[in-house]
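In: got a predicted structure plus its sequence, pasted below:
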Amino acid sequence: LDLSWNGAMKVLRRSHRFLRRLRALAAGPASIPPRLLSLPTIALELFDAYANDPTMTLDAMQRLSKGAKAASCLLSFVFSLVEINKLQAHFYDDLGGDEM
């Protein structure tokens, strides 16, 4: 897993593949039990490392001259993924999950 800026640019450059992966992450067939979202530990550590960085806020992303909308949406998506990762275990049984 390449967490560098070059790695991020490669992922974003392949927009069709990126969108397919996002849709697969968000969707799941109703016939299978719910699954937990698994984020790599290194990604969560990187997120925590930037938690107090003033340049990694939605306001800072919206002030960018180019790519402000994309940067804001992607950062909001990352915030949501991390929040889901933290809270999902509390609701797993309510969703019909039987294993953790």
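Out: Yes, it's here. Not measured: the values here are computed from a predicted model.

In: for this structure, give me the ranges with low pLDDT.
Out: 1, 25-35, 92, 94-100 (pLDDT under 70).

In: can you pull out the helices in it?
Out: 5-13, 15-26, 41-49, 58-62, 68-91 (DSSP state H).

In: you'd agree residue 85 is up against residue 37?
Out: Yes: between residue 85 and residue 37 there is a contact at 5.6 Å, judged by C-beta atoms under 8 Å. Where you see a C-beta, it was placed from the backbone N, CA and C, and this is true even at glycine.

In: between those two, which has more neighbouring residues?
Out: More crowded of residue 85 and residue 37, by other C-beta atoms under 10 Å: residue 85, with 16 against 12.

In: just give the nearest non-adjacent residue to that one, would you?
Out: Counting by C-beta to C-beta, 6 or more residues apart in numbering, the nearest residue to residue 85 once its immediate chain neighbours are dropped is residue 39, at 4.9 Å.
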